[in-house]
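Student: Could you work out the structure for the sequence below:
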Amino acid sequence: MSINTSKTVPFTDVASDFMKLVAIPDNAKASQVDFTATDFASLRTALINYIRAVYPLDYNNFVESDLGMMLIELVSYMGTIMSMKADMLAHENFLQTAKDRDSVRKLFELVGVSMKGPTSAQTIATLSVPGSVGALDGDLLFSPGERVIVIISPEDKESLTYTMYKSTNGVVSPLESVNANLNMDLSHHIVGSDDTWEVVLLEGAFATQEGTFSEVDTFKSIQLDEAPVIQNSVQVYLSSIDVTTSGVFRQVEDLYQASSTDDKMFQVVYDDQYKAKILFGNGINGVSPTTNSNYFITYRVGGGTRGNIPNGYITAATTGKYGGADTSFRVVQSQVATGGTDAETVEHAKKYGPLAFRRQDRIVSLEDYTAFGSRFVSPAGSTGKAVAVARKAYSSANIIDLYILEKATNMQLQKASISYKDALLTAIADKKLITDDVVIADGLIRTLDLVVTINIEKRFQGVESTVVTKVSQEIKNYFLSDSMDFGNGVSFADLNRSIFGIDEVRFSTIDNFTEEYVAVDFNEVIQLNNLVINVNYI
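Tutor: Below is the predicted model of the structure:
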């Protein structure tokens, strides 16, 4: 008897006959699954090997043009997508690898750290009576509607709202008694002449909300109707027959930081659209509002960089009462509006959030001072950047020098205002060691001018403006105020590497510096000043 060993007729050689005899039973098929396959190539190979082992008689035509191979590759494609999504979801469960803002926010909420919302720009303005001559020494009274100034934003040409507040010796006083009809009383304050008053303008539309706590709510909370809610702009007043739960409540970062059951406080929690929810204590950590008590809330809506406007941009008219009589007033902006920043970035939160949790609501180490100052938000909504150092001269080790710069925009820092420093010192006093003596000092801004040449191919000639815009944005992102820390210099190799990430750029050079690194002192921050981008075709 002869044996047909032809390779052209299927299922007639020894190997195929052997495979017929060793068909895998159904209960053993799972053993042939390759669970290590995750990418397209490994999944495709694993599927082919599985089919060869489990279905040797049903399919054996593994050529690229076959319909079966198309189905195998489609399944491999879907497996790759699912594998990637599984990896992404796994990464979002860990702070170091999380990239989605919602994931980072929820991770921090687990340990009592809140990501900051948008902050509002602020500026100084003067109030005057058109046509008046001589001293005006009476008091002013503005209703809530008369405190609001509406202009057009130079950034996006949409409406932009500012609200008037009073200041005392340069310190902003936005926390008026919220149960006093929201009127603003102004004593006469001379600014260069006898017929002007000085006020502070904080960006944001004024909003109010009132209601009554329900009987069904075990843990009292209030969802604010409008968004985005500006950081630190919420003011809460409760009215109840129980005196211990009535009055003005103060905002804290975490309700579990309450030191007693009679602390009148609340916490503001943001979602990804910066809608705010107000949480109250439970009777153990802070006061729990009584059932059927009334609440009255004020807050501002807006924030962000769009509120940073040039000096003199606001020239508006409003009305108020002077000496009890209705009077028309002119509001004129007298300095640049700064301090408006977008909500805390994921990168900033991941950098300072763990430090905020580590200090456990007290300030002991220099790292604690730095973290607290860099995440502090003033009552007016200003944020900044800080670095703490201890003096080393003899017995002065308990004197902490806290160098501070206030954010003007997402790109720029500025000298901190008196109002910001005063609020920061007040906040530190409740959390520092009693033996520490804190001195607030101004950080130094070191400006940097850059001349950059980018080399691109000749085929991009005519659309080079688009490439220049991309490069400009990449450089500005590199110099964001959140990215540049005290004492950190600039590596031009790193800067060129980030520019090289733009597809159209072959390579780039920094033309006005011969050294590869610019160093700064411990209390200095580098800030981009002028930027010139030249284009060279290759």
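Student: rest of the way, CA atoms for contacts and neighbours
Tutor: Noted.
Student: And E406, what's its pLDDT?
Tutor: Reading off the per-residue confidence, E406 sits at a pLDDT of 94.
Student: What is the neighbour count of the closest residue to it other than its chain neighbours?
Tutor: With sequence-adjacent residues excluded and distances taken as C-alpha to C-alpha, 6 or more residues apart in numbering, E406 is closest to G384, at 4.0 Å. Other residues within reach of G384 by the criterion other C-alpha atoms under 10 Å amount to 23.
Student: need the helices for the stretch 201-350 of the chain, in chain order.
Tutor: Counting by DSSP state H, counting those that start in this stretch, the segments of the stretch 201-350 of the chain that form helices are 346-358.
Student: Below-threshold pLDDT in it: ranges please.
Tutor: Per-residue confidence for the stretch 201-350 of the chain (pLDDT under 70) gives these ranges: 216-218, 257-259.
Student: those strands in it, which residues are they?
Tutor: Using DSSP state E, counting those that start in this stretch, the strands assigned to the stretch 201-350 of the chain run over residues 205-212, 221-223, 235-239, 247-252, 265-270, 276-280, 294-301, 315-322, 325-333.
Student: Just grab the bridge partners of the residue lying closest to Q209 once chain neighbours are set aside for me.
Tutor: Of all residues not flanking Q209 in the chain, I297 sits nearest, at 5.1 Å (C-alpha to C-alpha, 6+ apart). Beta bridges link I297 to Q209, V236, judged by DSSP bridges.
Student: I297 contacts T208, correct?
Tutor: Yes - taking contacts as C-alpha atoms under 8 Å, I297 lies within contact range of T208: 5.5 Å.
Student: out of these two, which sits in the more crowded spot?
Tutor: Residue environment comparison for I297 versus T208 gives the larger neighbour count to I297, 19 against 16, counting by other C-alpha under 10 Å.
Student: roughly how far apart are the more buried one and S246?
Tutor: As judged by C-alpha to C-alpha, to the nearest Å, I297 and S246 stand 13 Å apart.
Student: Ok, T466 next?
Tutor: When C-alpha to C-alpha is the yardstick, T466 and S246 sit 59 Å from each other.
Student: Quick check on the two: which one has the bigger neighbour count.
Tutor: A direct count of neighbours by other C-alpha under 10 Å for T466 and S246 places S246 higher, at 19 against 12.
Student: Assign S103 to helix, strand or coil.
Tutor: With DSSP: H, G, I helix; E, B strand; the rest coil as the basis, the three-state label of S103 is helix.
Student: The residue nearest to it when sequence neighbours are not counted: what's it in contact with?
Tutor: Leaving out its chain neighbours, the residue that sits closest to S103 by C-alpha to C-alpha, 6+ apart is E92, at 5.9 Å. Under the criterion of C-alpha atoms under 8 Å, 6 or more residues apart in numbering, the neighbours of E92 are 98-100, 103-104.
Student: For the residues you listed, pick the one with the most neighbours.
Tutor: Looking at these with neighbours defined as other C-alpha under 10 Å, the largest count falls to V104 at 24 neighbours.
Student: Next, find the distance separating that residue from S498.
Tutor: V104 is 25 Å from S498, by C-alpha to C-alpha.
Student: now do D254
Tutor: Counting by C-alpha to C-alpha, the gap from D254 to S498 is 38 Å.
Student: more crowded one of those two?
Tutor: A side-by-side neighbour count of D254 and S498, using other C-alpha under 10 Å, places D254 first with 21 against 15.
Student: Save the contacts of E92 as a markdown table, and put in pLDDT and distance to D326 too.
Tutor: Converted to a markdown table, the contacts of E92 look like this (pLDDT from 0 to 100; distance: C-alpha to C-alpha, whole Å):
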| residue | pLDDT | distance to D326 |
| --- | --- | --- |
| A98 | 92 | 57 |
| K99 | 89 | 55 |
| D100 | 89 | 52 |
| S103 | 91 | 52 |
| V104 | 92 | 51 |
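Student: Just put these in TSV and tack on distance to S491.
Tutor: Formatted as TSV, the entries for the contacts of E92 read as follows, by distance: C-alpha to C-alpha, whole Å:
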residue	distance to S491
A98	27
K99	25
D100	28
S103	32
V104	29
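Student: Just the closest of the residues you listed to E215, please.
Tutor: S103 (33.0 Å; C-alpha to C-alpha).
Student: Walk me through the domains of this protein.
Tutor: The record's domain split for the chain, according to automatic domain parsing, is 14-91, 122-204+304-333, 207-301, 359-442, 446-537.
Student: Pick out the residue nearest the middle of this structure.
Tutor: With distances taken as C-alpha atoms, centre = their mean, the residue of the chain nearest its centroid is E344 (1.3 Å).
Student: you'd agree that residue is up against K116?
Tutor: Yes - counting by C-alpha under 8 Å, E344 does reach K116; the two are 5.1 Å apart.
Student: ok, and for the helix or strand containing I475, which residues are buried?
Tutor: Using DSSP states H and E, I475 falls within helix 464-478. Neighbour counts over helix 464-478 (16 or more other C-alpha atoms under 10 Å) mark 464, 467-468, 470-472, 474-476, 478 as buried.
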